[in-house]
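1. Quick check, what structure comes out for this input:
(one chain, ligands or ions: 1)
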Amino acid sequence: MRRIIVTVLVTLLVIAAVLGGLLWWMRGHGFSARAEPAWMEKMMARNARKIATPPDAINLKNPRTTQTAEMISEADEHFVEHCGMCHGADGKGKTLIGQNLYPRTPDMTLPDTQQLSDGEIYYIISNGVRLTGMPAWGSEDKPEAIWDLVALIRRLPKPSPEESKRLESLANPPDEAPKDQTEKPDEKKRGESEQPKPPHKHVHTHQR
Ligand code: HEC
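-> Predicted structure coming up:
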């Protein structure tokens, strides 16, 4: 009996210490999304996500093994329209929104994403990821369309030149202003005027 009481007390103390430590850490760091997530936090979040994914979902295989040209071009459009704003047309996540979310949008061409099973990727796209910027698409998109996105994510590390060009021009249609805000202002203005701009005189004040 005494051993049980001691074990319970020690467990409660450990929990109190962990919660106290967490609160202390949060007070010190605030909740700003501007900080770079620490590797330990990233690892814990990733493992928690893995543990929370049902094993049946992890083992699902993509039923659409053959991807026709039509499926590929539809998936490209879908990806740019729904995912590009955060993940970028190339899936590398270097977008204005993606780089300011916490956690940041990952570079999906890298092994961390490519090592996920097809089922895991499908599950993430359908259900989203809690407490992150990743939305759930399962009520919006048909399963076939999501599987075609899984196939697209598999092609991201080495897209065919044709697909890469299509993704790029879908994101930045030649006759429209660029959507992803990656264009350099200098390039846009080139040739429009030879007149150099007057130097910028007013002073910016940034609040911290
Ligand atoms: C509003 C921004 C946003 C949009 C839009 C978005 N995502 Fe995400 N996505 C994220 C963030 C942030 C993560 C990282 C989540 C995490 O760390 O667990 C993520 C993670 C993922 C992952 C897991 C990759 C990995 O290695 O962790 C996949 C797959 C994914 N997104 C696919 C998609 C697809 C496909 C779409 C469009 C149908 C989409 N996302 C739309 C923000 C977004």
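2. what about the closest residue to Ser126 other than its chain neighbours, how many neighbours?
-> Here the nearest residue to Ser126 in space, its sequence neighbours aside, is Gly138; by Cβ to Cβ, 6 or more residues apart in numbering that works out to 3.6 Å. To be clear about C-beta, it is placed using only N, CA and C from the backbone, and glycine gets the same treatment. Residues lying near Gly138 (other Cβ atoms under 10 Å) number 15.
3. How about the contacts made by Gly138?
-> Ile125, Ser126, Asn127, Ile146 (Cβ atoms under 8 Å, 6 or more residues apart in numbering).
4. Pick out the most distant pair among these.
-> Among the contacts of Gly138, the pair separated by the greatest distance (Cβ to Cβ) is Asn127 and Ile146, at 10.5 Å.
5. Look at these two and report which has more neighbours.
-> Ile146 (21 against 16).
6. ok, and which of the contacts of Gly138 reach the ligand?
-> Ile125 (Cβ under 6 Å from any ligand atom).
7. and of the contacts of Gly138, the nearest to the ligand?
-> Distances from the ligand to those, taken as Cβ to the nearest ligand atom, are shortest for Ile125 (4.6 Å).
8. Which elements pack onto the one helix or strand that closest one maps to?
-> Here Ile125, judged by DSSP states H and E, is contained in helix 118-127. For helix 118-127, the elements it packs on are helix 55-58, helix 143-155, judged by 3 or more Cβ pairs under 8 Å, 6 or more residues apart in numbering; DSSP states H and E.
9. could you check the angle helix 118-127 makes with the last one?
-> Between the axis of helix 143-155 and that of helix 118-127 there is an angle of 120 degrees, by axes from the mean of the first three to the mean of the last three Cα atoms, to 10 degrees.
10. ok, back up a step: and the contacts of Gly138 as CSV, adding pLDDT and distance to Thr95?
-> As requested, those are exported to CSV (pLDDT from 0 to 100; distance: Cβ to Cβ, whole Å):
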residue, pLDDT, distance to Thr95
Ile125, 98, 18
Ser126, 98, 22
Asn127, 97, 22
Ile146, 98, 21
